Structures are given as structure tokens and as C-alpha cells.
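K.L.:
Below: sequence and its predicted model.
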2 protein chains.
Amino acid sequence: MKKKIQNLLSGKLKLQGQFFIYFAGLVFFVILFVSVAIFYFQSRMLLQLVQEKAIGFTRTLAYTSLNAILQDDYITLQSLIDSMMGGEDIVSIAILDSAGRVMAASEPERRGETYRDLFTLQALAARQMLIQKEETAAGRELWDTVVPIFLLNRQIGIARMKYSVQDPFEGLIHSIIIIGITAITISLLLAWQFSRSISRPIRKAVHLASEYGQGNLEASIDLSRKDEVGELVESLNKLSAKLKALIDEQVANENLIMMGEFASYIIHDLKNPLSGIHLLSDGLHRKIPPDSPLKKYSVEILLASQKLHDFVERTLDISRWNRVNLQSV
Amino acid sequence: MKKKIQNLLSGKLKLQGQFFIYFAGLVFFVILFVSVAIFYFQSRMLLQLVQEKAIGFTRTLAYTSLNAILQDDYITLQSLIDSMMGGEDIVSIAILDSAGRVMAASEPERRGETYRDLFTLQALAARQMLIQKEETAAGRELWDTVVPIFLLNRQIGIARMKYSVQDPFEGLIHSIIIIGITAITISLLLAWQFSRSISRPIRKAVHLASEYGQGNLEASIDLSRKDEVGELVESLNKLSAKLKALIDEQVANENLIMMGEFASYIIHDLKNPLSGIHLLSDGLHRKIPPDSPLKKYSVEILLASQKLHDFVERTLDISRWNRVNLQSV
């Protein structure tokens, strides 16, 4: 999974997709962090609130039930307990005598039962309030608060209240889930929009580079930015200008190259007529008697044509060598 | 402000900074949204919890105080009220008789006072529980719950409790602020890291483009990606390869260009010796009598040298034209 994400982030996806993954990751992190933290803080606060309520009730119950216990007034105790039931968080209320026998309870059928569990025994022996947490078979957390009832210094019973923080906890989780899903949905839409905005100018510059790379040096875009994208467009424009200049130079040089080739053909063409002149002047030279006044002319013509012939031969040698040299480049 | 951000986002900042602003914006939005939503939901839930508690207490107080009211038993009423005070959310408790006179209160000095305010009159006339919200001079919100006390069908007084949801609200705001600041801090660090990771490959490719733009065609980077950055590097490599090829061609052509220039100088150099031959053969031709067997040679030499001379002149004309043409490109 981590490998896959790394692959995506290292360029298997288009930039927009990569940016989106980063945004989404950040959003998920923020929402997860905030949700967990809020749940932690708020569940503690809710527990405290519910606990304060339960403690207050139990203390009031312990105080107000004193007379009814002394008079064994079951009706009053039951009415008292009934008046306290109501909130969804209070599960059960009971008043036990000093032997652990139920004198009155929110579930009237329990009256007369005797509790012998450890917590009841501890509560009966205690001289102050006790709180314990217990878990039902269904996994529900219950809190159990006990306040001893005193007649002067003698403990004559306990007021006991079981309550649950389940409902406010569930409400808390419910609202966190609704808020989280809404926030994630809106954020992902925003993230998509953001990743589009971020990648658009980069895509434009990349498109320009691709046009240049395919030889369309006339392509251009309208982007005046001072960031890396602006830098990129500037560098691309420099590169394309260089390419254009080189291509222009190439075109201009073609004339010179053509001329060079043309000249070397011409020199080649000169060779035969020059040889002709050379042969003719040689023939003439032989036929003119050595004492003739014409001899001077024929000697000069012969020498000049000989020189030209040699010169052309040498030039052709050089151009031949150059051509070989050229092909080996 | 909006203008400024738009400027920043449209390229006055480096890419990393722009990305960071987008990330930060998204994070602020998410945290603001979640905080406000959580506060809204949770403050309603807290109000409900505190209200349930207050209502429960007031009802219990109304029920348990009945006997004490009938017997005008101030001590019992006061003890009852004192047993209920304790949580930080309960501000005051009072029991009023049917005339609005305070029989007992959490502030004992108020005993004997008679309340004639509108809410008290409404409460005394009501046959069920009433709740109102009031605001203290200090801007603190207080809730006031009243439960009528009945003897059979006759109202003999009211139990009244004032409470505040200030503390749990403040705790909620406090925890939201702590969580929000922590989340923003961590997110901004992450966002900085993310924006670095995102911009790094782009920066690398832009650097490559800049190297190429400055003429360093040997530059290269090691990036194998399938996204726009990979495309960009590919296009850049194509561009630099084209530039390199053109430059190589240019170097290769330099020989040909040199040769062309060399050849045109040679042709130029041929002109004078050829003119010499032409003049000499013309002189010779004139000196040889028309009936001489040598006349044939001189005629041929003259014609050949005339042809060559004309040819060289024409060639020079062409090469001169080419050079002019070249300079006008």
C-alpha cells in the first residue's frame, strides 16, 4: 500500500492526481486528528458532567431518604426514587439497608432482595461515597455510585445509582462522523479544484516544451510569472530562439556550401581546356625554330599554361582531401 | 488581501510557497469548519445534559420539600437545598411559597424576600415546569427552571433552580482551541514538507531547462516519471539533442564553407594568369603570317584561352552575386 502510494507520488500519476493525493492525505490527517482529540476531550467532559449529576442525585437521595428509612416508609422511598428517574442516562436507583437488603428500587420487583456482591459489601463498610465502573454482558459501560446514609454516626443504609454515559457518547460519535464526512467531502472538492489550479500553468509550460520538442518552434504561451514556471518558459524561449538562429544560419550557409561545391566543379571543368592549351602551346613551341622571334611568346605561353595546369591539379588534390576529411567527420 | 493572495498564487512566489498557501488554506478551512460544527453540536448536547440534570434536581426538590413546606420546617428545606448545591453549574436554589416569598434558598440571607418579577408571577400561575434563559450584567447566560409544588390539586409553592452551562462551554471552547492550534501546527509542518516534495522534481526539470537555455547542453538529470515532469524532461532532451545535432552539422559544414571560399579565391587567382595567356596568344597570333602552318595552333590557343577567360569571368560574376545574396539573408 505504502509502496503503491510512493509509486503514484513519484510520477505514475499526472501532476493533478499527485497533488490531489497530497491534499487528500493532509485533509484525512487533520480530520482524523481533530476527531480523535475532540472525542478524547469531550468524552471526558461528558463523563464528568453525567457523574456530577449522578453524585448530586445520590447524595440528595441519601439525605432525603433518612426519615423514610427510619419509619420503614416504603411508599415515600419509592416515590422519591421515581421522581429521580427520567433522564436517559440513569439506569437504576436503589436504597439498601445496612444488611444489603433492597428497601426500594426503580425496579420495584427487586424489593426485599439482598445484595452480597463485593462492591455492595465495600459500600456498606465505607464511610464516604464510592464510584465503580462495570461492564454489562452487552459491552455497555455502567457507572455505579454509592452514598452511605448516616443517622448521627451510625450507617443505616446506602443510596445507590447506576448510570450510563452511552447516550451522550453515541451522540458525540454520531456528530463527529457527520461533521467528518461533510468536511472530507467539501475538502476533497476543494482539493480537486486546488490541484487543478496548481497544475494548470505547469501543464501549459510542459505543453510548450513538448511543442518545441516536436519542432513547432512558432508555439508560444501567454504566461508572465516569476516562479519556476516563468523560469521554465523563459528557458524554453531561449532554447527555441537558439534553435531558430541555428536553423537560419544553416539556411544561410547553404548558399556558401553550394558555392563551394560549384567552385570545385568549375575547377574540375577548367582542367581539360587548360590541358588543351598546354598541349597546343607545347606543339607550337616545338614547331617554332629556336631563332624565331616568336619563340619568346611560345615559351611564355607554355610556362604560363604549365603553371596553371599544376595549380589546378594541386587545388583539386586539396579539395579532394577536404571532401574525404568531411565524410569522416 | 484577496488580490494579494491571487498575485502570490499566480506566480509571484516560488512554486513551493504557492503550494504551501494552498495547503494552509485547505487546512484552515477544514479546522475552522470542524471546530464550528463540533461547537454547534456539542454545545447543544451539553446544554441538554445540564438542563436534564437541573430539571431532575428541581423536580426532586419539589417532591421532597412538600412535607417541610407544610410544616414550615425551614431547617429541613435548607439542608435539602444545601445537599443539592455542589456542581459548578448550579448557581442558586430556592423554594418559594405560593405568594412568591422565599422559604429557603442556597443564599440563606434571601429568606423572607418576596419575588414579584414577571417570571416568578408566571411560574406561580403555571401548572407545569417552566424554563427561561436570562443574561446577567456580566454577559453570563443563566437558565432558570421552575417546578410547581402541589398538595393534591392546590399549588403551595415553587422549587426554583438557576444554573449555567458556562463551564462546560468554556471547557469545550478551550479544548477546541488547543486541538485546533495543535492540528494547525502539525498540518503546516506537514504542508511545508508536502510542498517541498511536490515542487522538488519540478524544480529539477526547470533547472535542467535553465542549463540548456544557458547553452550547457551536456546537463542531464536522473528522473524517470510518467507525469508532466517526465514529459518535460523528455521534451527538453529532444530539444537539446536537436540543438546538438545542428551544432555538429554546423561544425561539419565549416569545412565545406571553407572549401567554397577557398575555391572562389582560386578562381579569382586564375583570372590573371589566364589573361596573360590570352594576351600572349593574341600577340603570337598577330605575329604569325596567315599562311604559316603555325597559324592553326595559335588560332586554337587563342580560342581556348578566350573561352577559359570568359568562363572564369562568368563564374566570378555568379560567385559575386551569391555572396551579395548571402549577406542579404
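P.N.:
All right, it came through fine.
K.L.:
Chain B contacts on the stretch 51-200 of chain A?
P.N.:
Listed as neighbours of chain B in the stretch 51-200 of chain A under the rule C-beta under 8 Å from any C-beta of the partner chain: A:52-53, A:55-57, A:59-60, A:63-64, A:79-80, A:83-84, A:86-87, A:89, A:168, A:171-172, A:175-176, A:178-180, A:182-183, A:186-187, A:190-191, A:194, A:197-199. All C-beta spots, glycine's among them, are computed from the backbone N, C-alpha and C.
K.L.:
out of these, which are inside helices?
P.N.:
Within these, residues falling in helices by DSSP state H are A:52-53, A:55-57, A:59-60, A:63-64, A:79-80, A:83-84, A:168, A:171-172, A:175-176, A:178-180, A:182-183, A:186-187, A:190-191, A:194, A:197-199.
K.L.:
rewinding a little: now list the buried members of the residues of the stretch 51-200 of chain A next to chain B.
P.N.:
A:52-53, A:55-57, A:59-60, A:63-64, A:79-80, A:83-84, A:87, A:89, A:168, A:171-172, A:175-176, A:179-180, A:183, A:187, A:190-191, A:194, A:198-199 (16 or more other C-beta atoms under 10 Å in any protein chain shown).
K.L.:
Helices along chain A, start to end?
P.N.:
Assigned by DSSP H, the helices in chain A fall at A:2-7, A:15-64, A:66-70, A:74-84, A:118-125, A:166-213, A:228-287, A:295-327.
K.L.:
Out of these, flag the one nearest residue B:161.
P.N.:
Closest approach to residue B:161 among the helices of chain A is made by helix A:15-64 (11.2 Å; C-beta to C-beta).
K.L.:
Pass me the low-pLDDT residue ranges in chain A, would you?
P.N.:
A:1-12, A:87, A:255-256, A:259-260, A:262-264, A:318-329 (pLDDT under 70).
K.L.:
Now do the contacts for residue A:82.
P.N.:
residue A:106 (C-beta atoms under 8 Å, 6 or more residues apart in numbering or on different chains).
K.L.:
again with residue A:168
P.N.:
A:46, A:49, A:50, A:89, B:45, B:49.
K.L.:
Could you check how far the closest residue to the fifth one other than its chain neighbours is from residue B:164?
P.N.:
Okay, so that is residue B:45. What sits nearest to residue B:45 in space, not counting adjacent residues and going by C-beta to C-beta, 6 or more residues apart in numbering or on different chains, is residue A:171, at 5.4 Å. Using C-beta to C-beta, to the nearest Å, residue A:171 is found at 21 Å from residue B:164.
K.L.:
tell me the domain boundaries of chain A?
P.N.:
Annotated domains of chain A cover A:1-64+A:166-223, A:74-164, A:228-327 [automatic domain parsing].
K.L.:
how about a markdown table for these, with distance to residue B:276 added?
P.N.:
What follows is these, written out as a markdown table (distance: least, C-beta to C-beta, whole Å):
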| stretch | distance to residue B:276 |
| --- | --- |
| domain A:1-64+A:166-223 | 53 |
| domain A:74-164 | 123 |
| domain A:228-327 | 5 |
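K.L.:
between the ones you listed, which gets nearest to residue B:104?
P.N.:
The nearest among these, by C-beta to C-beta, is domain A:1-64+A:166-223 at 14.0 Å.
K.L.:
Can you name the residues that contact the nearest residue to residue A:120 once chain neighbours are set aside?
P.N.:
Once flanking residues are discounted, residue A:120 sits nearest to residue A:100: 5.2 Å by C-beta to C-beta, 6+ apart. Going by C-beta under 8 Å, 6+ apart, residue A:100 touches A:114, A:115, A:116, A:120, A:121, A:124.
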